[in-house]
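> I would like the atomic coordinates for the input below:
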Amino acid sequence: MSRVLIVGAGLTGSLCACLLRRELQSKVHIEVWDKARGAGGRMSTSRPPDSLSHSADLGAQYVTATSAYAQSHHSLYSELQSCGVLQPLDAPIEGLKHKDGSKDYMTPLGMGSLVKHFLSQSGADLSLERHVTGVFLRGASWEVQRTAGDSELFDAVVLTMPVPQILQLQGDLGRLLSVQQQQQLDGVSYSSRFAVALFFPPDAVFSFSWGARYVSSNRCICYISNEPGKRNADSPGLGPSLVVHTSVPFGVEHLEQDKEEVQPIILKELYQLLPDLPQPISIKCHKWRYSQVLTSVPDCPGHMTVHDQPPLVLAGDAFVHSNFDGCVESALSVLPALTAALPR
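Modelled structure (predicted):
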């Protein structure tokens, strides 16, 4: 049985694991590692301490399917809707500019439920708080090292972390990359931003009716989401919460500051925009150093094969484009690259 490691429990990694399981079934042992304390990556859903009713999407907010992707990824969209993971986004979104034929979807249980669905389908062994530090070629296997000096051997490795984190890995990766591949990876760039989730008492009432709002007149804040309103205003048991995303220029300006220093600045701007907003009972601030891909690897099939046998593959939205369907495209492209190299 081949042992496959997927590093990164975000959308690309979880879907890779799911597709690989469906293709090879019991012929493969799949492990998914992530350095965070929870799965989801940039599609994670957060909760405040000691709360089961409140939740907020600090990263991706909803899924927009173009007419082309709705057709090419039809089976996936159908699966997610039939399972109740995706539902049409009916809440009003102020300032949203639509392309013809596109359709928006929301996740009643939060964006993290997308990743959890695929991980559940994959049957993979999920290990959190496992920070990979190096990848070394050992004959017909890969030795993957993590913090604390521990290491394990795998027959195939898929790296789905942000490209700058991939390039920081110790071991044989840098030696195996071609000059062209190295240049392509060096050219990948990301936007940066902060996200703040505010959780309110159960009886808190918002004075606005929108599910989300794009802000164009503020140097700090570019987007605000009314989480219950965005998902479904009638969702039972979903506590009132708000998510704020900062603009990219603001994120870049304050990128090297601690989030505790930046949070008060964001909250001050928020209460100027929404002066009637109640006081929260809990606040969570997150710094997205790698938010969305600005410059992806050009002319790429959705992944980059660094080594054929044993396979070492790089994947993620940096090899396509930065949205739900970009991650799906990447995961779909990885599948034949892996199955061609693994025993069937």
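> end-to-end on stretch 103-123?
Its start and end residues considered, stretch 103-123 measures 31 Å (CA to CA, to the nearest Å).
> list the buried ones in it?
By 16 or more other CB atoms under 10 Å, the buried positions in stretch 103-123 come out as 104-107, 109-119, 121-122. C-betas here are computed from N, CA, C, even on glycine.
> looking at those, which are in helices?
112-119, 121-122 (DSSP state H).
> need the residues you listed in CSV with distance to F154, can you?
Putting those into CSV (distance: CB to CB, whole Å) gives the following:
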residue, distance to F154
G112, 26
S113, 28
L114, 26
V115, 21
K116, 23
H117, 25
F118, 20
L119, 18
Q121, 21
S122, 16
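> can I get those residues in a markdown table with pLDDT and distance to G239?
As requested, these are arranged in a markdown table below (pLDDT from 0 to 100; distance: CB to CB, whole Å):
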| residue | pLDDT | distance to G239 |
| --- | --- | --- |
| G112 | 95 | 16 |
| S113 | 96 | 17 |
| L114 | 97 | 21 |
| V115 | 97 | 22 |
| K116 | 97 | 20 |
| H117 | 98 | 23 |
| F118 | 98 | 26 |
| L119 | 98 | 25 |
| Q121 | 97 | 29 |
| S122 | 97 | 30 |
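> which one of those residues is nearest E31?
S122 (10.2 Å; CB to CB).
> got the contact list for the nearest residue to that closest one once chain neighbours are set aside?
The shortest distance from S122 to any non-neighbouring residue, by CB to CB, 6 or more residues apart in numbering, is to A17 (3.6 Å). Shown in contact with A17 (CB atoms under 8 Å, 6 or more residues apart in numbering): 6, 30, 32, 118-119, 122, 124.
> for the residues you listed, could you give me a markdown table that also reports distance to S51?
Converted to a markdown table, the contacts of A17 look like this (distance: CB to CB, whole Å):
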| residue | distance to S51 |
| --- | --- |
| I6 | 30 |
| I30 | 32 |
| V32 | 27 |
| F118 | 25 |
| L119 | 23 |
| S122 | 28 |
| A124 | 28 |
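> what about stretch 166-179, average pLDDT?
Mean pLDDT, stretch 166-179: 96.
> one more: stretch 267-286?
On average, stretch 267-286 scores 96.
> measure stretch 149-164 end to end?
For stretch 149-164, the end-to-end distance is 21 Å (CA to CA).
> over to stretch 118-138?
30 Å.
> if we can go back for a sec, between the ones in helices among the buried residues of stretch 103-123, which is nearest Q182?
V115 (30.0 Å).
> any idea how far the closest one lies from L270?
Counting by CB to CB, to the nearest Å, the gap from V115 to L270 is 28 Å.
> okay, which residue is most central for the chain?
Closest residue to the average C-alpha location of the chain: R42 at 2.7 Å, with CA atoms, centre = their mean.
> just say helix, strand or coil for that one.
With DSSP: H, G, I helix; E, B strand; the rest coil as the basis, R42 sits in helix.
> tell me the spacing between the nearest residue to it once chain neighbours are set aside and L11.
In this structure, R42 finds its nearest non-sequential neighbour in G59, 4.0 Å apart by CB to CB, 6+ apart. For G59, the distance to L11 (CB to CB) stands at 10 Å.
> cool, and V334?
For V334 relative to L11 (CB to CB), the value is 13 Å.
> what of S51?
Counting by CB to CB - S51 and L11 are separated by 25 Å.
> which one of the ones in helices among the buried residues of stretch 103-123 is nearest to R344?
Distances from R344 to these, taken by CB to CB, are shortest for S122, at 17.8 Å.
> distance check, the closest one against S14.
7 Å.
> what does E129 give?
17 Å.
> pLDDT score assigned to the residue of the chain most remote from its centre?
What lies farthest from the middle of the chain is G139; by CA atoms, centre = their mean that is 32.9 Å. G139 is assigned a predicted lDDT (pLDDT) of 95.
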